[in-house]
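1. Need a 3D model of the following:
(2 chains)
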Amino acid sequence: MNVAASGQFPLARTRSTQWAAPLATVCGLLLVAATAEIVIDAAVGHSILIPKQPPIAGWLSGIGERLGYRVFLIALLAFTAGYAGLIALGRSVSKRFAIALLAALHALIFVGPILLSTDVFSYIAYARMGVQHGLNPYVHGPLSIAHDPVYHYVGQDWKKVATAYGPIYTLISYPFGLLGVTGALWGMKLLAVLASAGTLALTWRCARVRGRDPVSATLLVGANPLYVVYGLGGAHNDLIMLLLMMGAVALTFAGRDAPASAAVVAGALVKATVAALLPFMLLARRSLAQVWGALATLVLGALFAYAVFGADGVNVVAALNRDAAFVSTDSFPNELAHLVGKPGVFPVDHDLLKVALVVIIVHLLWRTWRGYDWVAASGWALLAISVTSTWLLAWYILWPLPLAVIARDRRLLIATLAVQGLFVVHQLTPLLVPVG
Amino acid sequence: MSDGSERVASSRGSAFERWLAQLPDALRPRERERRGTGQMRLVETIVLLLAGLLMAIATVNDVVLDTHVNHRLNADLRTWRAYTGHDYKNVGVEQDVLHYTTTDVVCGNTTPGPPKQRTQICLQMTGPIVHSHRAARGGWYLPPKAEDLHRYRYGCFGAPKAEGKCS
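-> Numbers count the residues shown, from 1 in each chain, chains lettered A, B, ... in the order given. Purely as a prediction, here's the structure:
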């Protein structure tokens, strides 16, 4: 028995270790190939999956074919399979390989067109409203600049809608409004890539502090299919929010409470959702410096927003209430409504979902008070917000991911990846029965 | 290096901390979770698994529903093309997903041109899919650039004529 234990199992382990590096390379190449396929085909344009946009990737357009649902979904599934392989190989992936892979994925997405969402054109429209037309984006929708070249690219549903983003993000976006639509688009893409790189660097750092393998943790975030294809591909401002969120976590780990809470509030002034972290941080640390840091940033941000945008720039609650009433086909409440034979979500369902979210948050706050990991609790809160929301988009289920990879509770990572998996499954209908 | 789970030392002696220390054990904040029976974790895990199972069933159910809808959509398009003799790509289908009936209305141009830019013919499809097609019970015409609203419909034929679907 001892001979077998000392002879055979180490040999098997050696064999599996020998295979791990080539397998990881194959998985990495699968990710790169799937991304390249999507980007090259998307560059051709004229696809329902690709928003109307200036021809920023025209030099790629002669290589591929128009991106259809079938190719896109097969590429997404291949990407997901490669990602699952990388996760399974975990610690066998070298630091150098992981960084090269993430850099390649970011570079591919950066040189290609905007994927799957018109949101970035709304960001540019709001910036141009402010700096080119002297209009307040918290009062008017892009319809008020119907003669502007960016208006043509704004999503149909958002043409009449004033911005729901925080005043810090609106101010960050203003300089891009001076660059013309194409210049602004490149600027937004660069901002998304830099924010993503920062988020990944901070994830690496936080994972090391927590005693987790930083390579696996960073790959789990940066090579995630929804993160790369939807988040980075659409140049979403959620990446800036994630950067500030991970900055706050890293600062807390470093014992710098005031800047940490200030970073959370700054993140909430980019996109309000990240404010969910603050009560958990406060309960876990119970530091006066945190309270002062948060209050000072909030007061400064509110004064600044009021001075630049007036009362509408401060009233984020109204914008959040408006958006909370929207319903997307991918949201879980909508799917549950179909399951019980209803055509969709009704107003009473919104109220029930709010009650469920409050119950979950209160439970998590109590658990944090009694010593549960505040990072995990924050991640659960963000996951609960996205799952109970009737307006669910792919990049919303990225919010808890950087926290999940460093949390002490591994159930959070499993739940986050499971929710993402269900989201991918829900996209598969056109692959099963294509319409033609 | 600390990972921020522990409170800051400077606040330990504060009045607030002294007040917290006087709370009963069941209410007092803790630095780390106490190793218990794991009952809370078990209950949480069961709730999570049940919620996950429900979400998975709802997702698969939605995919199956959408698959049926796409299947019907393809039959509608095939029927419209067979009936009109036009192999147009841009044909609009309006499905009655609100009341879960199988009645669909398929509209397309009567002559080549951009979508809805020519006189359109709309067919009302009902019933099951037989040999990849469905039954067209009748229909109506729409002028160019008009949406399928009652006030724009004319020349009703078949069942819609009897139902008074034209103005």
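
2. Where does the prediction get shaky in the chain?
-> In the absence of a named chain, this looks at chain A. Scanning chain A with the threshold set as pLDDT under 70 gives A:1-17, A:436.

3. oops, chain B please
-> Applying pLDDT under 70 to chain B picks out residues B:1-13, B:96-100.

4. would you say B:Cys122 is within a helix?
-> No. Residue state for B:Cys122 (DSSP: H, G, I helix; E, B strand; the rest coil) corresponds to strand; a helix is not indicated.

5. can you tell me which residues contact it?
-> Under the criterion of CB atoms under 8 Å, 6 or more residues apart in numbering or on different chains, the contact partners of B:Cys122 comprise B:Val105, B:Val106, B:Cys107, B:Gly139, B:Trp140, B:Tyr141, B:Leu142, B:Asp148, B:Arg153. (Each C-beta comes from the backbone N, C-alpha and C, glycine too.)

6. Does residue 108 lie in a helix or a strand, and which?
-> Just so you know, I chose chain A. helix A:95-111 (DSSP states H and E).

7. could you do chain B instead?
-> Short version, using DSSP H and E: B:Gly108 is in strand B:104-109.

8. which parts of that strand are buried?
-> B:Asp104, B:Val105, B:Val106, B:Cys107, B:Gly108, B:Asn109 (16 or more other CB atoms under 10 Å in any protein chain shown).

9. re earlier: for chain A, state which of the contacts of B:Cys122 is nearest.
-> Set against chain A, the nearest of those by CB to the nearest CB is B:Val106 (12.5 Å).

10. From A:Tyr69, how far off is that closest one?
-> In this structure, B:Val106 lies at 21 Å from A:Tyr69, with CB to CB, to the nearest Å as the measure.

11. what does A:Pro149 give?
-> A:Pro149 sits 29 Å away from A:Tyr69, taking CB to CB as the criterion.

12. higher neighbour count, these two?
-> Set side by side, A:Pro149 and A:Tyr69 show unequal neighbour counts under other CB atoms under 10 Å in any protein chain shown, the larger going to A:Tyr69 at 17 against 13.

13. which residue packs closest to the more buried one, ignoring adjacent ones?
-> Nearest residue to A:Tyr69 in three dimensions, chain neighbours excluded: A:Pro430, at 3.7 Å (CB to CB, 6 or more residues apart in numbering or on different chains).

14. what's the answer for A:Ala384, then?
-> Once flanking residues are discounted, A:Ala384 sits nearest to A:Ile360: 4.5 Å by CB to CB, 6+ apart.

15. now do A:Pro259
-> Here the nearest residue to A:Pro259 in space, its sequence neighbours aside, is A:Leu251; by CB to CB, 6+ apart that works out to 4.9 Å.

16. ranges for the helices of chain B?
-> Counting by DSSP state H, one finds helices in chain B at the ranges B:15-21, B:39-84, B:159-162.

17. Can you tell me what sits against the shortest one?
-> For helix B:159-162, the external contacting residues (CB under 8 Å, 6+ apart) are B:Gln124, B:Arg137, B:Gly138, B:Gly139, B:Trp140, B:Cys166.

18. What residues sit buried inside stretch B:157-164?
-> Residues of stretch B:157-164 classed as buried by neighbour count (16+ other CB under 10 Å): B:Phe157, B:Ala159, B:Pro160.

19. One more: stretch A:273-290?
-> When burial is assessed from 16+ other CB under 10 Å, stretch A:273-290 yields the following buried residues: A:273-287, A:289-290.

20. and residue 56, what does it touch?
-> Looking at chain A here, since you left the chain open. Neighbour list for A:Ile56: A:Pro113, A:Ile114, A:Thr182, A:Leu185, A:Trp186 [criterion: CB under 8 Å, 6+ apart].

21. was after chain B, sorry
-> Here B:Ala56 is in contact with A:Leu422 (CB under 8 Å, 6+ apart).

22. quick one: it from A:Val291, how far?
-> Using CB to CB, we find B:Ala56 at a distance of 41 Å from A:Val291.

23. how many other residues sit next to the residue in chain B that chain A sits nearest to?
-> Of all residues in chain B, B:Arg30 sits closest to chain A, with a separation of 3.5 Å (CB to the nearest CB). Applying the criterion other CB under 10 Å, we find 12 residues in the vicinity of B:Arg30.

24. Name the nearest residue to it, sequence neighbours excluded.
-> Once its chain neighbours are removed from consideration, B:Arg30 has its nearest residue in A:Gly371; the separation is 3.5 Å (CB to CB, 6+ apart).

25. Any figure for the gap between the one you found and A:Arg411?
-> Here A:Gly371 is placed at a distance of 17 Å from A:Arg411 (CB to CB).

26. which parts of the host helix or strand of A:Ala127 are buried?
-> Taking DSSP H and E as the definition, A:Ala127 sits inside helix A:119-131. Neighbour-count burial for helix A:119-131, with 16+ other CB under 10 Å as criterion, is recorded at A:119-131.

27. on contacts alone, who are the packing partners of the next helix or strand after that helix?
-> Beyond helix A:119-131 on the C-terminal side, the first helix or strand identified by DSSP H and E is helix A:167-173. Helix A:167-173 makes packing contacts with helix A:119-131, helix A:288-309, helix A:311-314 when contacts are defined by 3 or more CB pairs under 8 Å, 6 or more residues apart in numbering or on different chains; DSSP states H and E.

28. In a markdown table: those helices, plus distance to A:Ile240.
-> Formatted as a markdown table, the helices and strands packed on helix A:167-173 follow (distance: least, CB to CB, whole Å):
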| stretch | distance to A:Ile240 |
| --- | --- |
| helix A:119-131 | 11 |
| helix A:288-309 | 15 |
| helix A:311-314 | 18 |
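
29. And these: which comes nearest B:Val130?
-> Relative to B:Val130, the nearest member of these by CB to CB is helix A:119-131, separated by 43.8 Å.

30. and that closest one, what other elements does it pack with?
-> The helices and strands touching helix A:119-131, judged by 3+ CB pairs under 8 Å, 6+ apart, are helix A:167-173, helix A:180-209.

31. possible to save those helices as a markdown table with mean neighbour count and distance to A:Ala377?
-> Rendered in a markdown table, the data for the helices and strands packed on helix A:119-131 read as follows (neighbours: other CB atoms under 10 Å in any protein chain shown; distance: least, CB to CB, whole Å):
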| stretch | mean neighbour count | distance to A:Ala377 |
| --- | --- | --- |
| helix A:167-173 | 22 | 25 |
| helix A:180-209 | 20 | 16 |
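
32. Quick one: the helices in the stretch 301-436 of chain A, in order.
-> A:311-314, A:316-324, A:332-339, A:347-369, A:374-388, A:401-404, A:410-426, A:429-432 (DSSP state H, counting those that start in this stretch).

33. With mean neighbour count added, can I get these in JSON lines?
-> Shown next, in JSON lines, are the helices of the stretch 301-436 of chain A (neighbours: other CB atoms under 10 Å in any protein chain shown):
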{"stretch": "helix A:311-314", "mean neighbour count": "17"}
{"stretch": "helix A:316-324", "mean neighbour count": "14"}
{"stretch": "helix A:332-339", "mean neighbour count": "21"}
{"stretch": "helix A:347-369", "mean neighbour count": "15"}
{"stretch": "helix A:374-388", "mean neighbour count": "25"}
{"stretch": "helix A:401-404", "mean neighbour count": "28"}
{"stretch": "helix A:410-426", "mean neighbour count": "19"}
{"stretch": "helix A:429-432", "mean neighbour count": "17"}
